[in-house]
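**Student:** Have a look at this prediction, sequence included:
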Amino acid sequence: MHIGGLKETLKIGGLDNPVIKDGFDRILIPGSSLKGKIRSLLEKKEGMYNVKITFFKKDNKKDKKESRIIEISPEYSKKENKIKIIVKEINKDNKNENKKEKKENEKILEKVEIDGNVVIGDLINKYLVLKNDEIDYKIEGIPCSCGACNICKLFGPHHSKFVLEPIRARIRDSYLIIEKDDEEKILDPKDEEYSKFLELKPENIIDRIKGTAQHPRHTERVVAGSKFKFEVVFDIYKKEDRELIKKFIEGMKLLEDDYLGGSGSRGYGKVEFKNMEIIVKPKEYYERKGEIKEIKEISSLDELENKVDEAFNHFNFS
Ligand SMILES: [Zn+2]
């Protein structure tokens with residue numbers, strides 16, 4: 001697996017693609033990387049994300065200039081208590097637009113109700129059409145900002161001004177761990193096996209005509225089979241939150257079929273979740289009237305999903 005660090009901090013002749021380490025040189029996968037990946041896989045599957053299509057036309061001075069933008073975005077209406085996908089067109093032809101004109105240049109084309117079916121792909125196909133003298137387009141996917149869907153409840157809306165409920169999932173940094181004297185510990189540069197966990201893989205782009213290697217690069221990566229300690233904290237407010245945790249586990253399953261970090265197309269970054277446990281801390285525990293419950297030795301994500309029901313038996317929802 002390779003999770004890239006900042007190569008700017010390395011001297012010339014150093015690695016092209018260093019693995020991320022903390023201030024003590026311990027190897028880790030940042031919680032933010034894990035969050036971003038799981039979120040994007042869930043958004044793709046559910047069709048809950050924002051799409052921005054920018055169209056271009058020919059320009060006399062430059063190659064091309066923006067002609068219009070189509071925005072397709074899930075939005076929550078408090079009044080109707082519903083999420084709808086709003087399709088908006090923004091005309092970019094008016095050059096010196098002031099605030100009032102800007103409003104007039106925006107037009108809502110469609111409001112689509114979500115009835116459990118993924119509709120965003122259909123909408124992209126419908127609106128991804130060049131008009132008049134347009135010559136090109138650019139399409140961008142941006143995380144959901146509706147604030148009301150399961151993904152926004154788990155990870156928070158992309159723009160914090162749309163927060164409707166507290167964010168449920170916090171993913172900690174995952175450190176590379178080893179077993180020592182029958183205990184798990186974070187791999188430290190002082191450990192003699194430290195260097196065995198990192199490998200350098202030279203990669204070349206072969207010159208198609210001469211058959212010689214061009215631009216040799218070195219990718220530092222963590223050896224296959226390395227173990228990381230993955231930890232997520234969920235804040236539970238009501239019994240319906242069980243579905244949010246199950247949604248998160250769905251994201252973990254999608255990740256097992258995908259990859260983590262860079263160069264996934266070259267076979268890096270395969271992950272598998274193993275040796276899992278659930279630690280339940282009911283509110284009585286914090287009030288010193290109750291105890292922590294532990295559900296251990298969970299070996300697969302399907303099993304984990306079943307054990308979530310068991311964990312919820314330990315909460316008293318009023
Ligand atoms: Zn959302």
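**Tutor:** Great, that's in hand. Numbers count the residues shown, from 1 in each chain.
**Student:** that's a strand at Ile177, yeah?
**Tutor:** Yes - when DSSP: H, G, I helix; E, B strand; the rest coil is applied, Ile177 is found to be in a strand.
**Student:** Around it, how many other residues sit close by?
**Tutor:** 17 (other C-beta atoms under 10 Å). In short, each C-beta sits where N, CA and C put it, glycine included.
**Student:** Regarding the chain, what is its longest strand?
**Tutor:** Longest strand in the chain, counting residues (DSSP state E): strand 64-77.
**Student:** Which neighbouring elements make contact with that strand?
**Tutor:** For strand 64-77, the elements it packs on are strand 49-58, strand 82-91, helix 120-127, strand 134-143, judged by 3 or more C-beta pairs under 8 Å, 6 or more residues apart in numbering; DSSP states H and E.
**Student:** how many degrees apart are the shortest one and strand 82-91 in direction?
**Tutor:** Our comparison of helix 120-127 with strand 82-91, counting by axes from the mean of the first three to the mean of the last three C-alpha atoms, to 10 degrees, yields an angle of 20 degrees.
**Student:** what comes up buried for helix 120-127?
**Tutor:** Ile120, Leu123, Ile124, Tyr127 (16 or more other C-beta atoms under 10 Å).
**Student:** what's the answer for the second one, then?
**Tutor:** For strand 82-91, a neighbour-count test (16+ other C-beta under 10 Å) marks Ile83, Lys84, Ile85, Ile86, Val87, Lys88, Glu89, Asn91 as buried.
**Student:** Mind pulling up the pLDDT for the last one?
**Tutor:** Spelled out, it's Asn91. We have a pLDDT of 90 for Asn91.
**Student:** bridging residues for it?
**Tutor:** On the basis of DSSP bridges, Asn91 is bridged to Arg68.
**Student:** what's the spacing between it and Lys274?
**Tutor:** 53 Å (C-beta to C-beta, to the nearest Å).
**Student:** which residues of the stretch 1-150 of the chain score low on pLDDT?
**Tutor:** Applying pLDDT under 70 to the stretch 1-150 of the chain flags residues 1-18, 94-104, 116, 118.
**Student:** how about the residues of it that lie near the ion?
**Tutor:** Contact residues, the stretch 1-150 of the chain versus the ion (C-beta under 5 Å from the ion): Cys144, Cys146, Cys149.
**Student:** Output those as CSV; include the columns neighbour count.
**Tutor:** Putting those into CSV (neighbours: other C-beta atoms under 10 Å) gives the following:
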residue, neighbour count
Cys144, 28
Cys146, 25
Cys149, 21
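**Student:** between the residues you listed, which is nearest Pro74?
**Tutor:** Nearest to Pro74 among those, counting by C-beta to C-beta, is Cys146 at 4.3 Å.
**Student:** Roughly how far does the closest one sit from Ile83?
**Tutor:** 5 Å.
**Student:** Check the contact lists of these two and give me the overlap.
**Tutor:** Jointly contacting Cys146 and Ile83 under the rule C-beta atoms under 8 Å, 6 or more residues apart in numbering are Pro74, Glu75, Tyr76.
**Student:** Need phi/psi at Leu254.
**Tutor:** phi -60, psi -40 (degrees, to the nearest 10).
**Student:** ok, it - contacts?
**Tutor:** By C-beta under 8 Å, 6+ apart, the residues touching Leu254 are Ile38, Leu41, Leu42, Lys45.
**Student:** Can I get those residues in TSV including neighbour count?
**Tutor:** Converted to TSV, the contacts of Leu254 look like this (neighbours: other C-beta under 10 Å):
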residue	neighbour count
Ile38	26
Leu41	18
Leu42	24
Lys45	13
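**Student:** For my notes, please list those residues in TSV and give secondary structure for each entry.
**Tutor:** Formatted as TSV, the contacts of Leu254 follow (three-state DSSP):
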residue	secondary structure
Ile38	helix
Leu41	helix
Leu42	helix
Lys45	helix
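**Student:** I'd like to know which of those residues is nearest to Glu110.
**Tutor:** Out of those, the member with the shortest distance to Glu110 (by C-beta to C-beta) is Lys45, at 23.0 Å.
**Student:** Grab the nearest non-local neighbour of the closest one.
**Tutor:** Of all residues not flanking Lys45 in the chain, Leu254 sits nearest, at 6.4 Å (C-beta to C-beta, 6 or more residues apart in numbering).
**Student:** how close does Val112 sit to the ion?
**Tutor:** As judged by C-beta to the ion, to the nearest Å, Val112 and the ion stand 15 Å apart.
**Student:** so which strand or helix has that residue?
**Tutor:** Here Val112, judged by DSSP states H and E, is contained in strand 106-113.
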